[in-house]
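Engineer: Next comes the sequence, and after it the predicted model I'd like to discuss.
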Amino acid sequence: MTGSPFDIELDEITLAGARRGQVPACENIFRKFHQPAYSVAFRICQCRETAQEITQEAFITAFRKIRQFRGDSPFWGWLRRVVVNHAISTVRRGGNASTVEFQDFHANSEGDQNQMGLAMDLESALASLDTEDRAVVWLHDVEGYNHREIAGLFGKTESFSKTRLSRARARLRNLLDGELAGRKRTSAGAG
Amino acid sequence: MNTSKVHIMQHVRQAHEDPLNLRSLPLVTPAEDDWPPIEAALIRHARKQRIVRYAGAMTAIAATVVVAAGLVLQFSSIGPTTGPPGPAAEPPVTVVQDRSQGEIPGPVATPAVSPQTTLESLIALSQQLEGRLRTYRSNVGDLPAGSLVYQVELQDLVVQIDEELSMQPDSRELWSQRVNLLLDLSHLYENRLRRDYHLMASL
């Protein structure tokens, strides 16, 4: 278990069907992996429309090239690579627009509200990062990529990945400890 | 190892891998169902692939027909009639040459037959190719697995055509198909001979 939201098992029958180009099998795969794919695309580019485009293009590419999947590693890892490659290539082309969105958070209880508040802070801090910093910290900390893999995605050296990760984490910590806490104090004082 | 130790190790590992607990963020839900455009793109792609495959097959067939037609023309322009071809009348074919002479093995002689009709020329050509194939078979070792499968398929098709020819012996179309299949078979052996020759030459 890697902790990646992509880590979903896929049965051999569905995979074989998709390899043969059967549309229902492809749809089955899409339904299983749509949300994690969209999530990672959104986390990297921070824009719903761009994330939607990335997800669509990535799935089309994956289904067209599914015969290239050799089966020596889990399918989800291969599919995630396709999605992340599309997202990074979009980011490198500059085709993204950062907008912070909170509509995915829904609190049901007081405990949930606290959790939701923390998540919103984290979300907001993440959104304020530079696009490349955000992609690096997300791929490393959430998706479990190592520095070599990240460097490969960006076509840069490992030290690029290490520097970006360190900078992104420091910035996130500052934001969470300082700026957002300060904002909370201000709003509490005003209330 | 006790459970508290495991917990501590997990905590340390998580703190190292995800110190800001970014994994606690929920998955983002897509606003729309993206499947319809993907499905449409897949169907378009599959249609395009079918067209490409069909075009490829048609090109291959056309090429075979052109080669066969060329052979028939060459065949009909050479010499006098030797009479109606029968199963025992096998035209002479010179195929295998001495490799030490440094020439690529392959068919060199075409029998002199002047068919009166296209059907006759096709039958004669079919016989010539049969003779050529017999020589090839006796001179070529085992074919590689991929070619062997193809060879078996082609031979099966020849058998099917022969069955149909026993019902309609004068069908020009069937004879033409038979010639095409035999040409494909002889190309298979010629390629093998050529490969063997180059292998020997490289030693």
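Structural biologist: Structure received.
Engineer: looking at it, residue B:30 is touching residue A:56, isn't it?
Structural biologist: No: taking contacts as Cβ atoms under 8 Å, residue B:30 lies outside contact range of residue A:56: 10.1 Å. Heads up, the C-betas are built off the backbone N, CA and C, glycines and all.
Engineer: Quick check: residues of chain B near chain A?
Structural biologist: By Cβ under 8 Å from any Cβ of the partner chain, the residues of chain B that approach chain A are B:17-32, B:34-35, B:37-39, B:41-43, B:45-46.
Engineer: where in chain B is pLDDT low?
Structural biologist: Applying pLDDT under 70 to chain B flags the ranges B:1-16, B:75, B:77-117, B:141, B:203.
Engineer: rerun that using 90 as the cut-off
Structural biologist: Scanning chain B with the threshold set as pLDDT under 90 gives B:1-34, B:43-181, B:183-203.
Engineer: Tell me where chain A has helices.
Structural biologist: A:12-19, A:23-45, A:48-64, A:75-93, A:110-127, A:131-141, A:147-154, A:158-174, A:180-190 (DSSP state H).
Engineer: what about chain A, any weak spots by pLDDT?
Structural biologist: A:1-7, A:9, A:20-21, A:46, A:67-73, A:89-128, A:130-131, A:153-155, A:175-191.
Engineer: Which segments of it make up each domain?
Structural biologist: A:1-99, A:109-191 (automatic domain parsing).
Engineer: Pick out the residue closest to the middle of chain A.
Structural biologist: With the centre of chain A defined as its mean C-alpha position, the nearest residue by Cα atoms, centre = their mean is residue A:40, 1.9 Å away.
Engineer: what's the answer for chain B, then?
Structural biologist: Centroid check for chain B by Cα atoms, centre = their mean gives residue B:150 as the closest residue, at 6.3 Å.
Engineer: Check the secondary structure at that one for me.
Structural biologist: helix (DSSP: H, G, I helix; E, B strand; the rest coil).
Engineer: picking that back up, buried among the residues of chain B next to chain A? Need that as a selection in PyMOL.
Structural biologist: Provided next is the PyMOL selection string for whichever of these are buried by 16 or more other Cβ atoms under 10 Å in any protein chain shown:
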select buried, chain B and resi 18+20+22+25+28+30+34+35+38+39+41+42
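Engineer: Return the subset of the residues of chain B next to chain A lying in helices.
Structural biologist: Among the residues of chain B next to chain A, DSSP H puts B:17, B:35, B:37-39, B:41-43, B:45-46 in helices.
Engineer: From these, pick the one nearest residue A:6.
Structural biologist: Set against residue A:6, the nearest of these by Cβ to Cβ is residue B:17 (16.0 Å).
Engineer: nearest residue to that closest one other than its sequence neighbours?
Structural biologist: Excluding its sequence neighbours, the residue lying closest to residue B:17 (Cβ to Cβ, 6 or more residues apart in numbering or on different chains) is residue A:141, at 6.4 Å.
Engineer: Let me see the contact set for that neighbour.
Structural biologist: A:165, A:169, B:17-20, B:22-23 (Cβ atoms under 8 Å, 6 or more residues apart in numbering or on different chains).
Engineer: OK, contacts around residue A:56?
Structural biologist: B:34, B:37-38, B:41.
Engineer: Give me the distance between it and residue A:37.
Structural biologist: 10 Å (Cβ to Cβ, to the nearest Å).
Engineer: thinking again about what came up before, please look at the residue nearest to the centre of chain A and residue A:6 and confirm they touch.
Structural biologist: Yes: in this structure, residue A:40 is within contact of residue A:6 by Cβ under 8 Å, at 7.4 Å.
Engineer: shared neighbours of these two, anything?
Structural biologist: Common neighbours of residue A:40 and residue A:6 (Cβ under 8 Å, 6+ apart) are A:80, A:143.
Engineer: Quick one: neighbours of residue B:161, just the number.
Structural biologist: 22 (other Cβ atoms under 10 Å in any protein chain shown).
Engineer: So which of the domains of chain A is nearest residue B:183?
Structural biologist: domain A:1-99 (31.9 Å).
Engineer: what about that closest one, distance to the chain center?
Structural biologist: 11 Å (Cα atoms, centre = their mean, to the nearest Å).
Engineer: what secondary structure does residue B:191 sit in?
Structural biologist: helix.
Engineer: Okay, it and residue B:38: tell me how far apart.
Structural biologist: Between residue B:191 and residue B:38 the computed distance is 42 Å (Cβ to Cβ).
Engineer: Also residue B:127?
Structural biologist: Computed with Cβ to Cβ, the distance linking residue B:127 and residue B:38 is 56 Å.
Engineer: what's the answer for residue A:165, then?
Structural biologist: 33 Å.
Engineer: which stretches of chain B form helices?
Structural biologist: In chain B, the helices defined using DSSP H lie at B:3-17, B:35-76, B:118-139, B:145-167, B:172-202.
Engineer: can you list the ones you listed in TSV and add distance to residue A:121?
Structural biologist: Formatted as TSV, these follow (distance: least, Cβ to Cβ, whole Å):
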stretch	distance to residue A:121
helix B:3-17	19
helix B:35-76	34
helix B:118-139	79
helix B:145-167	62
helix B:172-202	69
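Engineer: highest average neighbour count across those?
Structural biologist: helix B:118-139 (a mean of 19; mean count of other Cβ atoms under 10 Å in any protein chain shown).
Engineer: how much does that helix deviate in direction from helix B:145-167?
Structural biologist: For helix B:118-139 against helix B:145-167, the angle by axes from the mean of the first three to the mean of the last three Cα atoms, to 10 degrees is 140 degrees.
Engineer: Which other helices and strands does helix B:118-139 contact?
Structural biologist: Contact partners of helix B:118-139 among helices and strands, from 3 or more Cβ pairs under 8 Å, 6 or more residues apart in numbering or on different chains; DSSP states H and E: helix B:35-76, helix B:172-202.
Engineer: Since that was my last question, I'll sign off now.
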